[in-house]
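A.B. asks: Structure, please.
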Amino acid sequence: MMTTINKAERPFRFFDNREKYLLFVTTCGEKWAIAERVGLELSHINPQPPALRLFDAGTGDGTVLTSVLRHMHEKFPTIPYLIVGKEISVEDVRMTLEKMSDRFSEHPQMVLVMTNMHYSEAPGLWPSSADKAAQLHWEEVALEGETAHEFDVQIDSLQPRISEWWQVAVSEKTGNPRYRTPSVLVIYRADQRFRLSAVIPDKAPRARDYDLVIAAQPYRVRQPAEHKVKIVLEPLARSLRSGGRMITIQGTGQDPGMEIIRRVWPDEDPFHTPGPTLTEALRSRLRAIMPDLDFWSHTDQHALFRYSLYVTPKEVRGHIGTSTLLAAWNAAVYVAQIDDTRVADAMSHSGYLDATREVLSRHGGLWFIDESFVVSRKSGQPYQ
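C.D. replies: Sure thing, here's the model as predicted:
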């Protein structure tokens, strides 16, 4: 007999709280810091014809992807791109597409693909079963015109279709959202169709051969290493082409943000799978079938990077305003992925504000430390 999980029993998913997410994105610089770190990987890839191929394993609001595309245009201004973004949130798909008209204007030879499929399916743009494949929504959109404004108007007109295609259901087993219908949206400039003919994907299974895979915060921090590797990192690593690189980014908890958390919940310890643990587990799973993989996990300036809450020194001297305290508190509980029930309970008393105020005053601000680790395949011939 099938057991149904009611709303109260479903496991908490931190990114279901849209307001918490948006406040974090607009008050902290993580997205831009991640894009800078990803940009460093571009000097290590050697794209081969017909295109530089990038897979973003969770576009979010598109800030990271947009910034990375700017980095890519600076380094590879004349070659075609195939950009595949996985995202299940219809709101994030909308915000990602809103940022892309300028990218199509600056870099005409770009094919952008958005999909809602699972990590095991999305890199190949094809569902895992015949039944799902029979239901696949696939649309190719050729943008007319030459200006960012023209592209923006046409991209905006896709919103009703996206809202229909990106509907989600809730897994009875895990409480996680899952797509109702697998969907793929392929967008490119009509005036570049001939030049991009070898890049535009067909409605069929395709080779998983990416030059760069971005896996920025792709899983819940409390998930065990086995789950993170098996469900997320392994299928992404399998999608690398010769010379390709996958960069994974996650929080560390080694920062003032975690100090706030432990003043409220002293025993809290969500960051229990550091990079070396995950790379070793991934190495064990893939050693036999992909012996040409290299694993890079360092605790140095190349692996660790910092981002901050947007506050001026004046805002954290003397009396700290309530809005600043709430933004800092939200950032701390968001990064540590504290569930809403515990957050609400903590906010029923003033202790959380006292803890946040003390940490901000002592450090003169608030920052967080992320870590990155890289998996690469042995390189092929360089791009000429």
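A.B. asks: tell me which element the closest residue to residue 336 other than its chain neighbours falls in.
C.D. replies: In space, not counting the residues next to it along the chain, residue 336 is nearest to residue 261; the distance is 4.8 Å by Cβ to Cβ, 6 or more residues apart in numbering. From N, CA and C alone the C-beta is placed, and that goes for glycine too. When secondary structure is defined using DSSP states H and E, the element that contains residue 261 is helix 256-264.
A.B. asks: element containing the residue positioned nearest the centre of the chain?
C.D. replies: Central residue of the chain (Cα atoms, centre = their mean): residue 58, 3.5 Å from the mean position. Secondary structure here is read from DSSP H and E; on that basis residue 58 sits in neither a helix nor a strand.
A.B. asks: Let me know the next secondary structure element after the helix holding residue 261.
C.D. replies: Counting by DSSP H and E, the next helix or strand C-terminal to helix 256-264 is helix 275-286.
A.B. asks: contacts for that following helix?
C.D. replies: Surrounding helix 275-286, the residues in contact under the criterion Cβ atoms under 8 Å, 6 or more residues apart in numbering are 225-226, 228-230, 233-234, 237-238, 248, 250, 293, 295-297, 299, 303, 371-373, 375.
A.B. asks: Which ones among these map onto strands?
C.D. replies: 248, 250, 293, 295-296, 371-373, 375 (DSSP state E).
A.B. asks: In a markdown table: those residues, plus distance to residue 358.
C.D. replies: What follows is the ones in strands among the contacts of helix 275-286, written out as a markdown table (distance: Cβ to Cβ, whole Å):
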| residue | distance to residue 358 |
| --- | --- |
| 248 | 33 |
| 250 | 27 |
| 293 | 45 |
| 295 | 40 |
| 296 | 38 |
| 371 | 26 |
| 372 | 30 |
| 373 | 33 |
| 375 | 40 |
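A.B. asks: For residue 120, which residues are in contact?
C.D. replies: Under the criterion of Cβ under 8 Å, 6+ apart, the contact partners of residue 120 comprise 128, 231, 235.
A.B. asks: just residue 331 next, same as before
C.D. replies: Under the criterion of Cβ under 8 Å, 6+ apart, the contact list for residue 331 reads 23-24, 27-28, 257, 309, 366, 368.
A.B. asks: of all those residues, which comes closest to residue 166?
C.D. replies: Of all the contacts of residue 331, residue 24 has the smallest distance to residue 166: 22.2 Å, by Cβ to Cβ.
A.B. asks: can you confirm the closest one is in a helix?
C.D. replies: Yes - counting by DSSP: H, G, I helix; E, B strand; the rest coil, residue 24 falls inside a helix.
A.B. asks: excluding its backbone neighbours, what's nearest it?
C.D. replies: Nearest in space to residue 24, with sequence neighbours left out and distances taken as Cβ to Cβ, 6+ apart, is residue 334 at 4.4 Å.
A.B. asks: where are the low-confidence patches of the stretch 201-350 of the chain?
C.D. replies: 297-301 (pLDDT under 70).
A.B. asks: Adding neighbour count, write the ones in strands among the contacts of helix 275-286 out as CSV.
C.D. replies: Below are these laid out as CSV (neighbours: other Cβ atoms under 10 Å):
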residue, neighbour count
248, 27
250, 21
293, 19
295, 18
296, 16
371, 21
372, 23
373, 24
375, 26
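A.B. asks: Looking at those residues, which is nearest residue 72?
C.D. replies: Nearest to residue 72 among those, counting by Cβ to Cβ, is residue 372 at 17.8 Å.
A.B. asks: Next up, the contacts around the closest one.
C.D. replies: When contacts are counted by Cβ under 8 Å, 6+ apart, residue 372 is found next to 37, 247-249, 275, 302-305.
A.B. asks: which of those residues tops the neighbour count?
C.D. replies: The most crowded member of the contacts of residue 372, judged by other Cβ atoms under 10 Å, is residue 248 (27 neighbours).
A.B. asks: Need the three-state assignment for the residue nearest to that residue when sequence neighbours are not counted.
C.D. replies: Spatial nearest neighbour of residue 248, excluding adjacent residues (Cβ to Cβ, 6+ apart): residue 215 at 4.4 Å. Remark: residue 215 carries the secondary structure label strand [criterion: three-state DSSP].
A.B. asks: how far away is residue 215 from residue 240?
C.D. replies: Residue 215 sits 12 Å away from residue 240, taking Cβ to Cβ, to the nearest Å as the criterion.
A.B. asks: Go ahead and confirm residue 127 touches residue 136.
C.D. replies: Yes - assessed by Cβ atoms under 8 Å, residue 127 is found in contact with residue 136 at 6.1 Å.
A.B. asks: so what sits against both of these two?
C.D. replies: Contact criterion Cβ under 8 Å, 6+ apart; residues bridging residue 127 and residue 136 by contacting each: residue 182.
A.B. asks: Neighbour count: those two, which is higher?
C.D. replies: For residue 127 versus residue 136, neighbours defined as other Cβ under 10 Å are more numerous around residue 127 (22 against 16).
A.B. asks: State the distance from that one to residue 179.
C.D. replies: 9 Å.
A.B. asks: overlap in contacts of these two?
C.D. replies: Common neighbours of residue 127 and residue 179 are listed as residue 117 (criterion: Cβ under 8 Å, 6+ apart).
A.B. asks: quick one, phi psi at residue 125?
C.D. replies: Dihedral pair for residue 125: phi 50, psi 40, per degrees, to the nearest 10.
A.B. asks: State the pLDDT value of it.
C.D. replies: Residue 125 carries a pLDDT value of 97.
A.B. asks: Quick check: beta-bridge partners of the residue nearest to residue 240 when sequence neighbours are not counted?
C.D. replies: Across the structure, with Cβ to Cβ, 6+ apart as the measure, the residue nearest residue 240 apart from its sequence neighbours is residue 377 (4.9 Å). According to DSSP bridges, the residues that bridge with residue 377 are residue 293.
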